[in-house]
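Chemist: The sequence and its predicted three-dimensional model are supplied below.
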Amino acid sequence: MSAQGLPGAAPTIDQDGPATSRIGVGRRLAGLMRWEVLLLGILVALILVGTSLSKVFLSGANFANLTSAIGEVAIMALPMTLIIITGEIDLSVESMAGLAGAVLGWLWAAGVPLQIGIPMVLCVGIMGGLLNGLLVSRAALPSLVVTLGTLALFRGLANVVLGPRAISDFPSWFTGFGFGNVPGTSIPWTLAVFAVLAIVFVAVTHRTWLGRWVFATGKNKDASRYSGIRVDRVKLVLFAISGLIAALAGVLLAARFSSARADNGTGLTLTVVTIVVLGGVDINGGKGTIIGVILAAAVLAVLQSALRLSGISSEYQGVAVGLLLIVSVIAPQIARQTRTLLVRAAMGRHSPAGPNAPGEVVGR
Amino acid sequence: MAVDVRAGQARGGVVGQVLGTIGRSRELTLVALMIVLALAVTTQAPQFLSESNLTQVTTLAAIIAIASVGEALVIITKNVDLSVESMVGLVAFVVADILRQHMLPMPAAWVAGALIGLALGMVNGTIIGFFRVPSIVATLGTLSIFRGLVFFIAGGKQMDLADLPPGYSDPASQTVLGIPMFVIVGFVVVVIVATVMRYTRFGRRTYAVGSNVEAATILGVRSRLHVFAALSICGLLAGVAGVLWGMEFGTIYATSASGISLQIIAGAVVGGVSIAGGTGTVVGAALGALFLALVNNALLVLLLPQELLQAVYGLVILVAVSADAVIQRRQQRRATREYSL
């Protein structure tokens, strides 16, 4: 594994163990880089379109607006990326965010100061994540179903804790986290939190053995286990982190809405998964970059802002996001199929087998 | 039920043996659980078994069960369809809109609704079966796209029962020999799909695709076509559920049926359809949906706080999937033991 982690190599190179790379490293690197470059292109294009739509598009106020609207989702997308790379999924994040907000509101209403309440809520997040992680790793249950269950369970607990109440008498320093900027700058707090987390996630995922364990787990669980990677532990820790970050997102949501309600965050999981997949992460695991996901979050934020400025209501924005999601998966597929056809046409019938042909590995 | 009786007659009706038989079959487990649940709830709240309550529960459960049957087909092929709720909502709204504008007579509008569902399902099937987009991603996309279509068609309006032709929602309250009409529709759907899945080549091949797609393809099964078919049928059944949904609720909003995908998938999973593909029955899925509806109703009748409902749903899903794993592991262990003897 270490051979590819050489300091000079581009960050994307870490995503594949050498054992599994069947295509030349250079070509693969080129293929992967292209997705991020494409996203960057889309982002620039969208910003240009947005600027032509409205003068306020590039204004500081709109920037604050579009970043804070996607902030919590983008934060939750970071651990989701790693979970999806290991071949699992966590559908429960939106409910954990809701539960965290509900518990925070309940504690605040009961007279617990926020300085104590917030750490407690983050612990709730870790415990919820550990529940998911234990069921997935130790009990070997499918994460799709487990987190579908906890999606309902956490939301239900939020309802039980807070009922139909809305707690909204939070102190202004707290709600400032949701609205305000970092003092002395025009950077919203949510964006600052996201930036810090993003740097940590990029570094850990693409620069450390921990990240390589994650990729290896997603590529081939059994091979990883035999080579000494504690696959179960990797998954357990990732789910715990996902719970923790979802709880943090819940706290930020409560601050931005200046209200804690049991239904905070409903429906966000879809956007989180959309960002991750749009970022080029393979839903079947083993492939993806944090950079891609960050770019995808930016694309989505700019797209939503552009649609809003051109007067398209949020209901229709879902169509754009959904189409973008599907096209982003189909387009490379069609490109690859066309390429294969062209190669076959050029080489006659003795064409190389497709990239997924299982026999190839054995043959070498 | 028949198996239950046979096990009892076989060797002196040992309780353990009966329980073993019930435990091994998810369908029988659910039936047993529902009987126990019904008895337990009735002792606390006798109105649970009243005719009006049972009619209400089973009518709503039938709609969800029909959608769960379609979802079960998709899950059996090792895919998942998250867009069912949007298809149900879209069809319910469009059928009502057709009737409001008197474009088609009522039965024709129903058929149109089912066909719209089929068309939407074929869109999913094409994206997943032929373009090989992972089903979670594809249906996550169509979940928002189909919902966006409803908003587009609705344009801020809603369908009120008063705008619709008289008799539109009558089938929801009609009964035949005391059995609600929707339950009969649901029963017919379950019987047809269960028969196809169990006794036809198509059904067996669909299971084959779900348990090992490479092996099935090597043996000559056209896997992609089966995935396409499963998603198309799921759309068709979502369309049927949508037609019924509209009649049941009368007033239809652009957001109608939002969030019911959870119940629909949970019904299939609780009914023993494994997300890993290749196992489970549509009868189980339908019973799973009915079981969840009964749990829901039990909370209501017992005057327990409705806030508990989602938490209970979550627990039921977790217990069901854990039970699956335990049973599977025990069977594997037994199989290994038998081979080694």
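Modeler: That came in fine, so what should we check first?

Chemist: could you give me the average pLDDT of the strand or helix carrying residue B:284?
Modeler: Assigned by DSSP states H and E, residue B:284 falls within helix B:282-301. Mean pLDDT, helix B:282-301: 89.

Chemist: how about the CA coordinates for it, as CSV?
Modeler: Output in CSV follows, covering the C-alpha atoms of helix B:282-301 (Å, rounded to 0.1, in the frame of the first residue of the first chain):
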residue,chain,number,x,y,z
VAL,B,282,-44.1,-11.0,-2.0
VAL,B,283,-46.6,-12.6,0.4
GLY,B,284,-44.2,-11.8,3.2
ALA,B,285,-43.8,-8.2,2.0
ALA,B,286,-47.6,-7.7,1.9
LEU,B,287,-47.9,-9.3,5.4
GLY,B,288,-45.0,-7.0,6.6
ALA,B,289,-46.9,-4.0,5.4
LEU,B,290,-50.1,-5.2,7.1
PHE,B,291,-48.1,-5.8,10.3
LEU,B,292,-46.7,-2.3,10.4
ALA,B,293,-50.2,-0.9,9.8
LEU,B,294,-51.5,-2.9,12.7
VAL,B,295,-48.7,-1.6,14.9
ASN,B,296,-49.6,1.9,13.9
ASN,B,297,-53.2,1.3,14.6
ALA,B,298,-52.5,-0.4,17.9
LEU,B,299,-50.7,2.8,19.1
LEU,B,300,-53.6,4.8,18.0
VAL,B,301,-56.3,2.7,19.7
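
Chemist: Check which helices and strands that helix is in contact with.
Modeler: Contact analysis of helix B:282-301 by 3 or more CB pairs under 8 Å, 6 or more residues apart in numbering or on different chains; DSSP states H and E lists helix B:26-44, helix B:51-76, helix B:181-199, helix B:260-270, helix B:308-340 as its packing neighbours. Heads up, the C-betas are built off the backbone N, CA and C, glycines and all.

Chemist: Quick one: the ones you listed as a markdown table, columns for mean pLDDT and distance to residue B:226 too.
Modeler: A markdown table is the format used below for the helices and strands packed on helix B:282-301 (pLDDT from 0 to 100; distance: least, CB to CB, whole Å):
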| stretch | mean pLDDT | distance to residue B:226 |
| --- | --- | --- |
| helix B:26-44 | 85 | 23 |
| helix B:51-76 | 91 | 10 |
| helix B:181-199 | 92 | 12 |
| helix B:260-270 | 89 | 18 |
| helix B:308-340 | 81 | 23 |
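
Chemist: quick one on the thing from earlier: now the helix holding residue B:284, how far from the chain's geometric center?
Modeler: The chain centre lies 10 Å from the centre of helix B:282-301; the measure is CA atoms, centre = their mean, to the nearest Å.

Chemist: tilt between that helix and helix B:51-76?
Modeler: Using axes from the mean of the first three to the mean of the last three CA atoms, to 10 degrees, the inter-axis angle of helix B:282-301 relative to helix B:51-76 is 140 degrees.

Chemist: Now do helix B:282-301 and helix B:260-270, the angle between them.
Modeler: 120 degrees.

Chemist: Helix B:308-340 and helix B:282-301, what's the angle between them?
Modeler: If you take the same axes, to 10 degrees, helix B:282-301 sits at 150 degrees to helix B:308-340.

Chemist: would CSV of the helices and strands packed on helix B:282-301 with distance to chain A and mean neighbour count be doable?
Modeler: Output for the helices and strands packed on helix B:282-301, formatted as CSV (distance: least, CB to the nearest CB, whole Å; neighbours: other CB atoms under 10 Å in any protein chain shown):
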stretch, distance to chain A, mean neighbour count
helix B:26-44, 14, 16
helix B:51-76, 10, 26
helix B:181-199, 21, 18
helix B:260-270, 5, 27
helix B:308-340, 3, 15
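
Chemist: Which among those is found nearest to residue A:274?
Modeler: For the helices and strands packed on helix B:282-301, proximity to residue A:274 was assessed by CB to CB; helix B:260-270 is nearest, at 15.6 Å.

Chemist: can you list the weak-confidence ranges in chain A?
Modeler: Applying pLDDT under 70 to chain A picks out residues A:1-34, A:348-364.

Chemist: So what's the gap between the longest helix belonging to it and the chain middle?
Modeler: Using DSSP state H, we find that the single longest helix of chain A is helix A:314-347. Mean C-alpha position of helix A:314-347 versus that of the full chain (CA atoms, centre = their mean) differs by 21 Å.

Chemist: ok, and does that helix reach over to chain B?
Modeler: Yes. On the criterion CB under 8 Å from any CB of the partner chain, helix A:314-347 is in touch with chain B at A:315-316, A:318-319, A:321-323, A:325-326, A:329-330, A:333-334.

Chemist: Enumerate every residue touching residue A:233.
Modeler: residue A:137 (CB atoms under 8 Å, 6 or more residues apart in numbering or on different chains).

Chemist: and the gap between it and chain B?
Modeler: Here the distance between residue A:233 and chain B works out to 20 Å (CB to the nearest CB, to the nearest Å).

Chemist: follow-up on the earlier one: turn the residues of helix A:314-347 next to chain B into CSV, including distance to residue B:324 and neighbour count.
Modeler: As requested, the residues of helix A:314-347 next to chain B are exported to CSV (distance: CB to CB, whole Å; neighbours: other CB atoms under 10 Å in any protein chain shown):
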residue, distance to residue B:324, neighbour count
A:315, 38, 17
A:316, 40, 16
A:318, 33, 23
A:319, 36, 20
A:321, 34, 25
A:322, 32, 25
A:323, 36, 15
A:325, 30, 27
A:326, 31, 23
A:329, 30, 21
A:330, 33, 17
A:333, 33, 12
A:334, 38, 11
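
Chemist: any idea which of the residues you listed is closest to residue A:346?
Modeler: Set against residue A:346, the nearest of the residues of helix A:314-347 next to chain B by CB to CB is residue A:334 (18.5 Å).

Chemist: nearest residue to the closest one other than its sequence neighbours?
Modeler: Closest residue to residue A:334 apart from its sequence neighbours, by CB to CB, 6 or more residues apart in numbering or on different chains: residue B:131 at 7.5 Å.

Chemist: and the one you found, how many neighbours does it have?
Modeler: 16 (other CB atoms under 10 Å in any protein chain shown).

Chemist: ok, it touching residue A:330?
Modeler: Yes. The criterion here is CB atoms under 8 Å, and residue B:131 meets it with residue A:330 at 5.0 Å.

Chemist: For chain B, see how far away residue A:139 is.
Modeler: Distance of residue A:139 to chain B, given as CB to the nearest CB: 6 Å.

Chemist: residues in contact with that residue?
Modeler: Per CB under 8 Å, 6+ apart, neighbours of residue A:139: B:322, B:325.

Chemist: one step back: for the longest helix of chain A, name the packing helices and strands.
Modeler: So helix A:314-347, by 3+ CB pairs under 8 Å, 6+ apart, packs with helix A:268-278, helix A:290-309, helix B:135-154.

Chemist: Highest mean neighbour count out of these?
Modeler: Of the helices and strands packed on helix A:314-347, the one with the most neighbours on average (mean count of other CB atoms under 10 Å in any protein chain shown) is helix A:268-278, at a mean of 25.
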